[in-house]
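Got a predicted structure plus its sequence, pasted below:
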Amino acid sequence: MPDDQIALRLQGLTKRFGAMTAVDHLSLDVPRGSFFGLVGPNGAGKTTTLSMATGLLHPDAGSAHVLGTDVWADPVAAKARIGVLPDGLRLFDRLTGLQLVTYAGLLRGMERDLVAQRVHELLVALGLTDAQDKLVIDYSAGMTKKITLACALVHAPRLLVLDEPFEAVDPVSARTIRGILEDFAASGGTVVLSSHVMDLVERICSHVAIIAGGQVRAVGTVDEVRAGLSLDDRFLDLVGGTTDVEGLAWLRTSSD
Amino acid sequence: MVAHLLRLKLHLLRNGLRRSTAALVGMVLGVLYGGGVVVAVVSGLVALRFVPDAELARALVVVGGSAMVAGWALLPVVLFGIDPTLDPARFATFAVRERTLAVGLALGALVGLPGVATVVVVLATVFTGSRTPVAALTALLGGALGLATCILVSRVVAAAAASVLATRRGRDVAGIGGLVVLLSFGPAAGLVNDGGITVGGLKTLGGVLAWTPLGWAWAASGDVVAGDWAAAGARLLCAAVLCVVLFALWERLLVAALRNPHGTDGGAGGARRGLGLFARLPGTPLGAIAARAGTYWLRDPRFNFPAIMTTLLPAGLLFPGLAGSDVALAAMPLVSAYLIGWGQHNDVGYDSTAFWLHVASGVDGVADRVGRLFPSAVLALVCVPGYALLGPLVGGSWALLPASLGAGVGLALSGFAVACVTSAVKQYAVPVPGESPFSSRPGSVGVTFAVQTVCGGAVLVLSLPVLVLAVLAVVGWGWAAWAALVVGPLVGVVAFVVGVRLGASLFGRRQADLLQDLVSMA
């Protein structure tokens, strides 16, 4: 793949926490305009990888390039092109939804009028206008994901990096988020998302990488990776682990 | 079950220490310092056993014991923060009998340094009381009741504080209550200054306290020695009844916390509309960060509560001041400036992991550093000149005004300079958003102590020139006051500019590591 067709290039990314290696020389190319799914079991290193790719976590080794810009050598230029939705981090949730997205826009150095216009459009698109004057702390999980997505989109990034964007989101909100992401990808943007819901990745992603033990086990278009199987079965093949339930006979109420 | 809860507390304590060496260092320091105090108190109590004046021994035990009960009640709220490891609300989902939980959590208060120290001191009072076998027995009973009073009263105060602080009104009241406590140190210090404590005065104080709930349990043994069996019996009975009442109260508060674990924030009215401060401050990253900080100061008890305390605290100097001390009056703006400036050193820590938004946005270091200072700068602009003028207005010396104003400005700016650097280097764990502003994070005492000390020292070193001039002005060198008015702001501005530059470049390099620190603390 030529360099200018790559939205996100990770090379030899490595991160250790004490004795544990969370990400082990991970390399990955995300093509421009793709809808890229990152799947893997819990603790596979998905969040760590995405954090290092977006400038939130210093890698011990390796590099991350966003549209040709090195995230760790020129962070300001690289970060201007990325929109991030992290998982498990707080928000400034004592602000109202309107204030929070405005804050995210202003932090990016945008003009106030432009921010106001985009924030309004985003809140309408995400169906949050009724809740815009409520404190974010009072939002439901789905609303919180949506307002975080608005923060990630407000500066019109070229690359969206979303960590578990559909976790704890109800089907209606999920449909809204999905619609926005598909529009974004269709208009030339690149979406990278992590998930452990295989069905969802199979349905909405064009490309997928399976990560386990901090390394890429398989990567390519969804059809290439699943190789005739369902993604779920292929995933279990690659990652291993038994699915037979042993014991727990006392849980089966029919044994009474 | 009770044993389970005690073991849980012990595990939490041990795991907290295992997680970081800083926590271990804090623990060791605590053991050394607290241990020194305990050894001193215990040897004093042992010596009292052999003092011929039994009445004096009794008075000292009563005064000390009362102070211990008061300390258990107030110190966690005012100084240390309430240890949340056994927060009742965390047990809401477990099917544990409420009575059992009440007993277990109360006893859990004894696991830890303060608990162990108190038990040791109580045992020493039994030795002090062992002038006759019956007195020793009474002292043992009284000591047990006193110990129970200590832990129950601390539980009750902690639970009550948690529920009271959930409401805004409650916070204001608590702020004023805390202020009263702090102000009362003034007269107490005055008392010590005016000819010190006499043996007679001590005996009178002991006699009075012996009839208050604070002293009942500790006085009984002395009564036995004095042969006053009726008083001894009455006091033991009173102390026992007090324990029962406190336990009932604790149980009720516990049940309330278990049944409504989320201290509902009152639904947060619909008063806020539109952008608030974000519309009024400049539409730049710096302006936005200032608006966010300002909004938090207004909305978050972790900020507005300390802000109220910081604003009111220097007024405590009015007591010695009105009694005729010019120095105390002139020191008010200095104390105010120091508290406000120094208070900013852990600001990023208060963001908790929400700080990721700054990192992901590639915010400029200068904007981040300066924007954060906005609310406290407003506070300093009001408080420092305000207190500087208040001194002379209530009778202080006008000649000292330039010195106190100059030193105040210097201290505030140096404080901000240090804060710019430290909040880009190392932050310590603070209550996360939504937690009580009084709670402390277990196992972080060492880091907290180290960072606070370093910051305090740095602020004082940077302000040394102006402080020296201020002292010269106080001892009578008239020109020094005016020199302070020039040197204070001048040195302050230089320190501030250097601090912002250095802080900004550190912020640029260290922001991801800072975020990682915050993630590991959350």
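Here it is on my side, so go on. Numbering: from 1, shown residues only, chains lettered A, B, ... in the order given.

From now on I want contacts and neighbour counts done on CA atoms only, so please keep to that.
OK.

separation between B:Leu417 and chain A?
Quick fix: residue B:417 reads Ala, not Leu. Look at B:Ala417 and chain A: by C-alpha to the nearest C-alpha, to the nearest Å, they are 23 Å apart.

Please pull up the helix or strand immediately following the lowest-mean-pLDDT helix or strand in chain B.
Least confident helix or strand, chain B: helix B:168-193 with a mean of 52, by mean pLDDT, DSSP states H and E. Once the chain leaves helix B:168-193, the next helix or strand it forms, by DSSP states H and E, is helix B:199-209.

got a list of contacts for that following helix?
Contact with helix B:199-209 is made by B:Glu55, B:Leu56, B:Arg58, B:Ala59, B:Leu60, B:Val62, B:Val63, B:Ser66, B:Gly215, B:Trp216, as judged by C-alpha atoms under 8 Å, 6 or more residues apart in numbering or on different chains.

tally of neighbours for the third one?
What that stands for is B:Arg58. When neighbours are defined as other C-alpha atoms under 10 Å in any protein chain shown, B:Arg58 has 28 of them.

The stretch 51-200 of chain A: helices as residue ranges?
In the stretch 51-200 of chain A, the helices defined using DSSP state H, counting those that start in this stretch lie at A:75-80, A:97-107, A:112-125, A:141-153, A:171-186, A:198-204.

Show me what the last one is packed against.
Counting contacts by 3 or more C-alpha pairs under 8 Å, 6 or more residues apart in numbering or on different chains; DSSP states H and E, helix A:198-204 packs against strand A:35-39, helix A:231-239.

which helices and strands does the first one pack with?
Based on contacts counted as 3+ C-alpha pairs under 8 Å, 6+ apart, the elements that strand A:35-39 packs against are strand A:190-195, helix A:198-204, strand A:207-212.

looking only at pLDDT, what's the mean for stretch A:221-230?
Stretch A:221-230 shows a mean pLDDT of 90.

Endpoint to endpoint, it covers what distance?
Length of stretch A:221-230, first residue to last, C-alpha to C-alpha, to the nearest Å: 13 Å.

On the three-state scheme, A:Leu8 is what?
Under DSSP: H, G, I helix; E, B strand; the rest coil, the three-state class of A:Leu8 is strand.

I'd like to know how far it sits from A:Ala78.
Distance from A:Leu8 to A:Ala78, by C-alpha to C-alpha: 11 Å.

can you check A:Arg9 too?
Distance of A:Arg9 to A:Ala78, given as C-alpha to C-alpha: 12 Å.

With neighbour numbers in mind, choose between these two.
Using other C-alpha under 10 Å as the criterion, A:Arg9 and A:Ala78 rank with A:Ala78 on top: 24 against 20.

returning to that earlier point: which neighbours do A:Leu8 and A:Ala78 share?
Counting by C-alpha under 8 Å, 6+ apart, the shared contacts of A:Leu8 and A:Ala78 are A:His65, A:Val66.

which residues of chain A score low on pLDDT?
Within chain A, the stretches with pLDDT under 70 are A:1, A:241-245, A:252-256.

Show me which residues of it sit near chain B.
Within chain A, the positions lying close to chain B (C-alpha under 8 Å from any C-alpha of the partner chain) are A:54-58, A:75-76, A:79-80, A:83-84, A:89-92, A:94-95, A:98-99, A:102-104, A:106-112, A:133-134.

Filter the residues you listed down to the buried ones, ChimeraX style.
Of the residues of chain A next to chain B, the buried ones go into a single ChimeraX selection, burial set by 16 or more other C-alpha atoms under 10 Å in any protein chain shown:
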select /A:54,55,56,57,58,75,76,79,80,83,84,90,91,92,94,95,98,99,102,103,104,106,107,108,109,110,112,133,134
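
and the residue of chain B most remote from its centre, what are its phi and psi?
Residue farthest from the centre of chain B, counting by C-alpha atoms, centre = their mean, is B:Gly227 at 42.2 Å. When read as degrees, to the nearest 10, the backbone of B:Gly227 gives phi 80, psi 10.

List the contacts of it.
So B:Gly227 contacts nothing (C-alpha under 8 Å, 6+ apart).

Looking at it now. What's its pLDDT?
B:Gly227 carries a pLDDT value of 82.

ok, now how distant is it from B:Phe127?
Counting by C-alpha to C-alpha - B:Gly227 and B:Phe127 are separated by 18 Å.

same thing with B:His11?
Look at B:His11 and B:Phe127: by C-alpha to C-alpha, they are 32 Å apart.

of those two, who's got more company?
When neighbours are counted by other C-alpha under 10 Å, B:His11 and B:Phe127 differ, and B:Phe127 comes out ahead with 20 against 12.

Doesn't the more buried one belong to a helix?
Yes: under three-state DSSP, B:Phe127 falls within a helix.

Surely it touches B:Ala136?
Yes: under the criterion of C-alpha atoms under 8 Å, B:Phe127 makes contact with B:Ala136 at 7.0 Å.

which bits of the stretch 351-500 of chain B sit near chain A?
For the stretch 351-500 of chain B, the contact set with chain A under C-alpha under 8 Å from any C-alpha comprises B:351-363.

before we move on, back to that, identify the contacts common to A:Arg9 and A:Ala78.
Residues touching both A:Arg9 and A:Ala78 (C-alpha under 8 Å, 6+ apart) are A:His65, A:Val66.
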